[in-house]
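Enquirer: got a predicted structure plus its sequence, pasted below:
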Amino acid sequence: MNYFFITGSSQGLGKSLTELLLEDTNNVVYGFSRNQTIEHSNFAHHSIDLSDLKQVQEYQFPTLKDNDKVVLVNNAGIVGEVGHIGSLDNQKIIDCYNLNLIAPSIITNNFISKYSEVKKLIINISSGAGRTPIDGWNVYCATKAGLDMFSQVINEEATINNDDLSILSLAPGIIDTGMQTTIRSSKKEGFSNIERFIEYKENGDLASPSDTAKQVLRFIKESELQQNVICSVRDLTN
């Protein structure tokens, strides 16, 4: 059996990827989110607020039997409050760091500890925003840049420890999700490029969660796509 642990499984990319994986009867998916939106015999939902670090620390990964592949996808994330530093709510800064960087760090730590003797793949859903500064997205950019570096260091550690682990920090492109709705509703003085993102929606340039899930699945299945820790769906050539 193949076992998958996916955060943010109730909507957007996380839900689409979960549903896609469940088409294969050899896959079992554990979903992490506040709400359960999927019912399937091979799906186990864990109700959790991933911005609550106490809840994150208390979760214990299950003991698995007959595992051929164990995969963690740290997908859950928020853009946070869009605006220039000096105008942000401090609690919203904390919430964004907790969900986007601290929670996946804790989950990854516990995942590697639990499955130390098992072949593992970790995919951290990052963003091009972690590699390019965007005004108004200061905290979001910082958390995704942190996720990129976190992934690279884990890769170095796995090499030193001879751990059977592959890890990717994967930018999924611009997807038509609630995050884009939040971005489009921000104010121009807090985000100078807002008109471009409004045009993305109007021109139909946003990728669907289901199409992006198919691209992410390729990174899970195709070992040749797992050679570079920092990667993007734009790396796909066919």
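Expert: Nice, thanks for sending it over. Residues are numbered from 1 along each chain as shown.
Enquirer: need the contact list for the nearest residue to residue 40 once chain neighbours are set aside.
Expert: Sequence neighbours aside, residue 22 is the residue nearest to residue 40 in space, at 5.0 Å (criterion: Cβ to Cβ, 6 or more residues apart in numbering). In short, each C-beta sits where N, CA and C put it, glycine included. Contacts for residue 22 (Cβ atoms under 8 Å, 6 or more residues apart in numbering) come out as 29, 38, 40, 42, 43.
Enquirer: can you do 7 Å?
Expert: Residues counted as contacts of residue 22 (Cβ atoms under 7 Å, 6 or more residues apart in numbering) are 29, 40, 42, 43.
Enquirer: same check on residue 47?
Expert: With Cβ under 7 Å, 6+ apart, residue 47 has these contacts: 34, 36.
Enquirer: is residue 66 located within a helix, as I assumed?
Expert: No - under DSSP: H, G, I helix; E, B strand; the rest coil, residue 66 falls outside any helix and is assigned coil.
Enquirer: and it, how many residues sit next to it?
Expert: Residues within reach of residue 66, counting by other Cβ atoms under 10 Å, total 6.
Enquirer: use 759 as the first number from now on
Expert: Okay, using 759 as the starting number, the last item reads as residue 824.
Enquirer: I'd guessed it sits against residue 761; true?
Expert: No - counting by Cβ atoms under 7 Å, residue 824 stays clear of residue 761, with 9.7 Å between them.
Enquirer: now do the same for the residue nearest to residue 798: its pLDDT.
Expert: If you check residue 780, the pLDDT there is 98.
Enquirer: and it, how far from residue 832?
Expert: Distance of residue 780 to residue 832, computed by Cβ to Cβ, to the nearest Å: 19 Å.
Enquirer: phi first, then psi, for the residue most central in space within the chain.
Expert: For the chain, the residue nearest the mean C-alpha position is residue 833 (2.0 Å; Cα atoms, centre = their mean). With angles defined as degrees, to the nearest 10, residue 833 sits at phi -100, psi -30.
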